[in-house]
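> Test case, fold it:
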Amino acid sequence: MEADAGGLSALFAAVFNTYTGGIVTLLAVNCIAAMGVSLLTGFTGIFTLGHAGYMAIGAYTAAIMIIRGGFHWFLGVICGGLLAMVLACLIGLPTLKLVGDYYTIASLGLGEAIRLVIENWHSVTRGARGYPGIPHYTTLPVALAFLLVLGVMMFFLIRSNYGRAFKACRDDYVAASLLGFNTSKYRVLSLSVSGFYCGVSGALMGGFMSFIQPSMFDMAKSTELVSIVVFGGLGSVSGCLLGTGVLTLVTEVFRSISQYRMLIYGLVLVLVMVVRPEGIMGKKEISFGFVSRLFETREKPGPQGEA
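Next up, the predicted model:
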């Protein structure tokens with residue numbers, strides 16, 4: 001019995017240390033950030049292009065606390081998420097008065113501003129050289145555990161009264177206000193929670209790469225997160241996770257032909273937008289009932305007059 005347990009442990013250890021295990025870990029980390037963007041863009045209807053900045057806040061907060069402060073990595077990850085959440089709330093109070101494309105432009109500027117501050121604050125962040133020496137604490141079990149907990153939290157949040165208020169703000173901002181919803185409060189709350197998710201994802205990213213630098217959190221990363229949400233389906237957590245998996249795998253499968261990788265990435269996005277503009281899942285969620293309906297056989301109606 002002990003030999004079987006030891007063999008099973010060795011098997012899991014071998015899987016966790018393989019290249020495939022690293023890809024799954026990265027996939028789980030990206031899923032956490034994508035869920036945060038999905039909450040704001042897909043469920044609240046606020047298009048953003050600056051959430052990579054919150055990932056940077058989480059990553060650098062965790063790295064500084066662990067390396068310079070000597071704190072445990074778990075505390076660093078949570079504090080990174082909380083600081084990103086507080087910053088998102090402070091940013092959201094003035095900027096979420098903007099509606100539509102105006103907030104999108106503001107979020108783009110804010111994301112780049114965060115990156116530039118980190119890049120030029122040499123005494124704390126070491127500037128463009130990056131922050132090396134981060135302990136490798138983001139293993140596959142850790143990433144999957146965070147994804148599971150945060151995924152369940154997001155599932156219950158979307159189905160709560162807060163989730164219904166977020167959807168009301170998305171569907172018709174003015175009508176929701178007339179019905180008594182404090183839309184400003186819910187929009188700021190959505191941005192704050194999404195900032196927390198991206199901050200945790202950035203902290204886990206630093207623990208996975210063991211090195212971070214400002215260029216990892218530029219506008220291209222924010223665009224990638226939004227592309228994942230649109231690809232998977234606006235208003236679907238399941239679609240967000242599915243979209244993250246598909247696009248991450250496409251990027252890794254074609255790594256050997258890196259000069260054409262982004263071209264293939266773009267072609268996949270265009271193909272889905274043409275064939276299914278609402279995204280892979282649209283506003284539907286993967287559930288037991290949804291899967292059973294896919295495989296159920298419909299009975300053919302009998303001839304008229306047949307008993």
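
> Please, which helix or strand holds Thr251?
helix 237-253 (DSSP states H and E).

> Tell me where the model's unsure across the protein.
Counting by pLDDT under 70, the chain has low-confidence residues at 1-17, 254, 256-262, 265, 287-307.

> in the protein, which spans are strands?
131-132, 211-212 (DSSP state E).

> among those, which is nearest Leu27?
Leu27 sits nearest to strand 211-212 of all the strands of the chain, at 18.7 Å, using CB to CB. The C-beta positions use only the backbone N, C-alpha and C, and glycine is treated the same way.

> Give the other helices and strands that that closest one contacts.
Applying 3 or more CB pairs under 8 Å, 6 or more residues apart in numbering; DSSP states H and E, one finds that strand 211-212 contacts helix 52-67, strand 131-132.

> Let's have the ones you listed in a markdown table, adding distance to Ile264 and mean neighbour count.
Shown next, in a markdown table, are the helices and strands packed on strand 211-212 (distance: least, CB to CB, whole Å; neighbours: other CB atoms under 10 Å):
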| stretch | distance to Ile264 | mean neighbour count |
| --- | --- | --- |
| helix 52-67 | 22 | 28 |
| strand 131-132 | 32 | 17 |
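
> re the thing from before, and the strands of the chain as JSON lines, adding distance to Pro94?
JSON lines is the format used below for the strands of the chain (distance: least, CB to CB, whole Å):
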{"stretch": "strand 131-132", "distance to Pro94": "30"}
{"stretch": "strand 211-212", "distance to Pro94": "28"}
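
> Among those, which comes closest to Gly151?
strand 211-212 (24.2 Å).

> what lines up beside the closest one in the sheet?
Here strand 211-212 has these sheet partners by DSSP bridges: strand 131-132 (antiparallel).

> Who are the contact partners of Ile114?
Gly50, Gly53, Tyr54, Ala56, Ile57, Phe217 (CB atoms under 8 Å, 6 or more residues apart in numbering).

> how much space between the closest residue to the fifth one other than its chain neighbours and Gly100?
So the one you mean is Ile57. Counting by CB to CB, 6 or more residues apart in numbering, Ile57 lies nearest to Ala84, which is 4.4 Å off, once chain neighbours are set aside. Separation of Ala84 from Gly100 (CB to CB, to the nearest Å) stands at 24 Å.
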